[in-house]
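# only geometry, no sequence info:
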């Protein structure tokens, strides 16, 4: 009994078989997970695949069918158009007033915003050095004038001596004596000429210094308004306008000028004498003006022509520097056709319009815009009144493409709003 029990106890534990149900459970879970994942994949992928096929079929069908477009005929523009352009107000005349002589400011008579008349005193300058130079120049002029009188007396004396020696005859006065007296007379005449020349130079110097002294009174060159004052009592001012600061700035504001840059398309239609309306920004009132000056040349950078409009401004309601909007009625000069700005197409070839021609096929027309009114544009070249223009053209319109036309009501030929 003991030997048998001992032998049974020595058998290894691995030789004991496990139950069948516990060993197959992980395999079942794995198979179930695989089935679930496959079902989820099919549920998500199959509808998407069907949707992609449906979209591809719709796209193919759309590509094969002719696109539908709305068309309208262009409108005839009126014979004259209202040209609306921005402008800026400048004074009729404006200048800086500088000192013509150096010195210290003794007094100033006008201030910012004062209206002055032509020749009115603006400021006074103390220039003692110039005054002393003027006194010295006057003394030199008196001395030169005295020298002229002396030279005249010497010339008279030499002429008498020459005449006397000539009358003595060859027995008393030799030819050498006569030649000597003639040389004395010629020298006295030259001295008189030199004295008179010095007198003229001294007189010019006195005149110059008198002008400088008169410049100590700074006056207005024309009637206007003081727009800037840059001096105070005791300021040292220097003559000239190179590096010196202006004492005042003076502007004539009645009338004023409005500077407008007219585009190249309308430059030839503008003429001197055209009526214009000027409306300051932010204000409802308008001022009547007239075109006074035309540059008659285009700026190389902006391709515009400078035009000056003159506007009366007695009540100073237009200020230099204002931003204004100007309107002018100008003749078109040539027949123009109006189309909607939404019909324009921009490409590498420039501005184009899609026109439906014979057989309802698209033709891309190169056009030239004469005037841009915002919602509408005026076409001067590349379009006829009978053309059918595609409105809001799609990006896939190409030359020769067949389209299905949806007619649009033709708009009346009314003048566009500026």
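Great, that's in hand. Keep in mind it's a predicted model, so treat the numbers as computed, not measured.

# From here on, just use CA atoms for contacts and neighbour counts.
OK.

# Okay, now the unreliable bits of this protein?
The model of the chain has pLDDT under 70 over residues 1-25, 46, 54-65, 241-243, 332-334, 395, 407-418.

# Point out the other helices and strands that whichever strand or helix holds residue 130 packs with.
For residue 130, the element it lies in under DSSP states H and E is helix 128-168. Under the contact criterion of 3 or more CA pairs under 8 Å, 6 or more residues apart in numbering; DSSP states H and E, helix 128-168 touches helix 175-214.

# contacting residues around the strand or helix carrying residue 379?
Assigning secondary structure by DSSP H and E places residue 379 in strand 376-381. Outside strand 376-381, the residues within contact range by CA atoms under 8 Å, 6 or more residues apart in numbering are 77, 334-341, 367-372, 416.

# just the buried members of those?
77, 336-341, 367-371, 416 (16 or more other CA atoms under 10 Å).

# ok, which stretches of this protein are helices?
2-9, 20-64, 128-168, 175-214, 264-267 (DSSP state H).

# and residue 383, which of those is closest to it?
Of all the helices of the chain, it is helix 264-267 that lies closest to residue 383, at 16.8 Å by CA to CA.

# List the buried residues of that closest one.
264, 266, 267.

# Out of those, which is nearest to residue 345?
For these, the nearest to residue 345 is residue 264 (21.7 Å; CA to CA).

# Quick one: residues contacting that closest one.
298, 303, 304, 305.

# if I look at the second one, how far off is residue 263?
The one in question is residue 303. 7 Å (CA to CA, to the nearest Å).

# And for the third one?
Taking CA to CA as the measure, residue 304 and residue 263 are separated by 5 Å.

# again, but for residue 389
From residue 389 to residue 263 the distance is 26 Å (CA to CA).

# Residue 47 too?
60 Å.

# Which one of these two is surrounded by more residues?
residue 263 (19 against 11; other CA atoms under 10 Å).

# before we move on, back to that, ok, the buried residues of helix 264-267 vs residue 253, which is closest?
residue 267 (27.3 Å).

# How about that closest one: what's its closest non-neighbour residue?
residue 305 (6.3 Å; CA to CA, 6 or more residues apart in numbering).

# what about that neighbour, how many neighbours?
Neighbours around residue 305, by other CA under 10 Å: 21.

# ok, now the one 10 residues further on?
Each residue near residue 315 was counted by other CA under 10 Å, and the total is 9.

# try the one 3 residues further on
By other CA under 10 Å, the residues close to residue 318 number 26.

# again with residue 207
Considering only other CA under 10 Å, residue 207 is surrounded by 15 other residues.

# Need phi/psi at the closest residue to residue 254 other than its chain neighbours.
Using CA to CA, 6+ apart and skipping residues adjacent in sequence, the residue nearest residue 254 is residue 313, 4.7 Å away. When quoted as degrees, to the nearest 10, the phi and psi of residue 313 stand at phi -150, psi 50.

# Tell me how far residue 313 lies from residue 277.
13 Å.

# ok, now residue 114?
In terms of CA to CA, residue 114 sits 29 Å off from residue 277.

# do the same with residue 402
Taken as CA to CA, the span from residue 402 to residue 277 is 49 Å.

# just residue 359 next, same as before
From residue 359 to residue 277 the distance is 49 Å (CA to CA).

# who's more crowded, these two?
Shown here are residue 359 and residue 277; by other CA under 10 Å, residue 277 has more neighbours (19 against 10).

# Centre of the chain to the longest strand anywhere in the chain, how far?
Determined from DSSP state E, the single longest strand within the chain is strand 80-97. On the basis of CA atoms, centre = their mean, to the nearest Å, strand 80-97 is displaced by 12 Å from the centre of the chain it belongs to.

# Just checking: what are the partner strands of that strand?
Using DSSP bridges, strand 80-97 pairs in its sheet with strand 248-263 (antiparallel), strand 323-331 (antiparallel).

# for those, which one ends up most surrounded?
strand 248-263 (a mean of 23; mean count of other CA atoms under 10 Å).

# Run a quick check on residue 140 versus residue 201, I expect a contact.
No. Between residue 140 and residue 201 there is no contact under CA atoms under 8 Å: 10.0 Å.

# With neighbour numbers in mind, choose between these two.
residue 140 (19 against 15).

# what's the nearest residue to that one if we skip its chain neighbours?
residue 202 is the one closest to residue 140 (CA to CA, 6+ apart), at 6.5 Å.

# Relative to residue 389, how far out is that neighbour?
Counting by CA to CA, the gap from residue 202 to residue 389 is 86 Å.

# The two - which one has more neighbours?
Taking other CA under 10 Å, residue 202 and residue 389 do not tie; residue 389 has more neighbours (28 against 21).

# what is the more buried one paired to in the beta sheet?
residue 72, residue 355.
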